[in-house]
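> here is my input, please return the structure:
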Amino acid sequence: MEGVTTPDFRGLVLSRNSSDCLGGATTEFVRVVDAAIPVAPLEKALGCASKAFGRPVGLQIMGSNLEAMAETAVNAAEAGAPFVDINFGCPAKGALRGMAGSSTLDDPRRVFALVDACARAMAGGSVPLTAKIRAGGEDDTLLEDLAQAAEDGGASLLTVHCRTRKEAYRDTADWNRLYRAVQSVQIPVCGNGGMDTAADMDQMMAETGCRYAMIGRAALGNPWVFSGHRASPREAADFLLEYAQMTSGSQTKQSRLKQLLACWTAGGPEVAGLLGTHRRPWLRVNDDAHLRACLDAAGDLHPSPLDLPPQKQPSTQMRPI
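Numbers count the residues shown, from 1 in each chain. A predicted model of the protein is given here:
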């Protein structure tokens, strides 16, 4: 989710799902290399509180330097993070080269050391520390050891992505691995992977014993996935046009919009067909004006949603996913 789950995108998703369907979110991971990340950049990653819509948005960090990670965790709490999450799941080559992310999954002792360093640094504070792992590196033989290492290190919640590092983002997702993780620790487990609908989330929790469910990539194509709401073409167009307005004028941010369009399904064929989302949408959506024209046609929007008053903030009643 790197480069996508910015405060703007998170805010749009949170605003379209009530708190009883979507209980919170996390930032994209903040890379920690040789030195701790100061408070100011961490505040920027969290975004303004209004974009959280009354729900917790945790700050996720990733790195291999114990001292730098520990200090960054403390700074994240000072920046206002309601919880701090350590990423042990990223399979990207950059993370592996830096001995971070899922590179640690071959050595549970390293997972323990990183969680322990951050937990000790944050001791005495009120901000919980959580961790996210994959089911393993090359295989899942160390799954229980990895889960226990995170718990022993001081994590108060463990998220488990049910694929291994080697499996990356393949279609297959073994939920039995989530059940194994639940059985091996006392702390709550959040399941991740292989869910494309709200019904999938309920099924995964029922089958595995996970207390929570986390969806990532499926929300890129359908931001309403958490509630099960079937967005109309107009609703889907509203979302994309609002996001396009937020990213307008920045080539880097435009690439994020293209990333959404590449997997977009919300609103049905009226939207996906006009955008060409079945293949390389940027070959058809050349600029903001073209996007507006496509979406106006797809949603039959009159007037354009960019000229409408902002949507009202949903209820802030809290309940976990």
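> distance of the residue nearest to residue 57 when sequence neighbours are not counted from residue 239?
Nearest non-adjacent residue to residue 57, counting by Cβ to Cβ, 6 or more residues apart in numbering: residue 25, 5.0 Å away. All C-beta spots, glycine's among them, are computed from the backbone N, C-alpha and C. Distance, residue 25 to residue 239, by Cβ to Cβ, to the nearest Å: 16 Å.
> higher neighbour count, the two?
Using other Cβ atoms under 10 Å, the more surrounded residue of residue 25 and residue 239 is residue 239, with 26 against 23.
> go ahead and confirm the more buried one touches residue 15.
No - the pair residue 239 / residue 15 is not scored as a contact, 9.5 Å apart, by Cβ atoms under 8 Å.
> can you give me the strands for the protein?
Using DSSP state E, the strands of the chain run over residues 25-26, 30-32, 57-63, 84-88, 129-134, 157-161, 189-192, 212-214.
> who touches the first one?
The one in question is strand 25-26. The contact list for strand 25-26 (Cβ atoms under 8 Å, 6 or more residues apart in numbering) reads 5, 10, 13, 14, 52, 55, 56, 57, 58, 59, 60, 85.
> how about a cut-off of 6 Å?
Strand 25-26 has contacts (Cβ atoms under 6 Å, 6 or more residues apart in numbering) with 10, 57, 58, 60, 85.
> burial of residue 229, as a residue count?
17.
> end-to-end on stretch 148-164?
By Cα to Cα, to the nearest Å, the extent of stretch 148-164 from end to end equals 17 Å.
> pLDDT averaged over it - what is it?
Taken as a whole, stretch 148-164 carries a mean pLDDT of 97.
> pull the distance from it to the chain's centre.
When distances are taken as Cα atoms, centre = their mean, to the nearest Å, stretch 148-164 is centred 16 Å away from the chain's centroid.
> please apply the same query to stretch 103-119.
Centre to centre, stretch against its chain (Cα atoms, centre = their mean), the figure for stretch 103-119 is 21 Å.
> stretch 188-198 now?
That offset, for stretch 188-198, works out to 12 Å (Cα atoms, centre = their mean).
> residue 79 reaches residue 43, doesn't it?
Yes - when contacts are counted by Cβ atoms under 6 Å, residue 79 is listed as touching residue 43 (4.5 Å).
> which one of the two is surrounded by more residues?
Neighbours per residue, other Cβ under 10 Å: of residue 79 and residue 43, the larger number sits with residue 79, 20 against 17.
> which residue is the nearest non-sequential neighbour of that one?
residue 42 (3.9 Å).
> next: residue 242.
Nearest to residue 242 is residue 12, by Cβ to Cβ, 6+ apart, at 6.2 Å.
> pull up the gap between residue 34 and residue 66, please.
Remark: distance between residue 34 and residue 66 (Cβ to Cβ) = 12 Å.
> follow-up on the earlier one: which one of the strands of the chain lies closest to residue 175?
Set against residue 175 and scored by Cβ to Cβ, the strands of the chain come closest in strand 189-192, at 7.2 Å.
> can you list contacts of that closest one?
Contacts of strand 189-192 (Cβ under 6 Å, 6+ apart): 158-161, 178, 181-182, 204, 208, 210, 212-214.
> and if you look at stretch 164-171?
With Cβ under 6 Å, 6+ apart as the criterion, stretch 164-171 contacts 91, 102, 105, 134, 135, 136, 137, 138, 140.
> apply 7 Å and report the result again.
91, 102, 105, 134, 135, 136, 137, 138, 139, 140, 163 (Cβ atoms under 7 Å, 6 or more residues apart in numbering).
> quick check: the second one touching residue 135?
Same thing as residue 102. No - applying Cβ atoms under 7 Å as the test, residue 102 and residue 135 come out as separate, 10.2 Å apart.
> for the stretch 101-250 of the chain, which segments count as helices?
Taking DSSP state H, counting those that start in this stretch as the criterion, the stretch 101-250 of the chain carries its helices at 108-122, 143-153, 176-184, 198-208, 218-221, 233-247.
> lowest-confidence stretch among the ones you listed?
Note on the helices of the stretch 101-250 of the chain: lowest mean pLDDT is at helix 233-247, with a mean of 84.
> tally of neighbours for the nearest residue to residue 133 once chain neighbours are set aside?
Excluding the flanking residues, the one nearest residue 133 by Cβ to Cβ, 6+ apart is residue 88, at 4.5 Å. Residues near residue 88, counting by other Cβ under 10 Å, number 28.
> roughly how far apart are residue 88 and residue 62?
Distance from residue 88 to residue 62, by Cβ to Cβ: 8 Å.
> give the contact list for the residue positioned nearest the centre of the chain.
Nearest to the geometric centre of the chain sits residue 216, at 4.8 Å (Cα atoms, centre = their mean). Neighbour list for residue 216: 1, 192 [criterion: Cβ under 7 Å, 6+ apart].
> so how far is residue 152 from it?
Distance of residue 216 to residue 152, given as Cβ to Cβ: 26 Å.
> ok, residue 135 next?
On the measure of Cβ to Cβ, residue 135 and residue 152 end up 18 Å apart.
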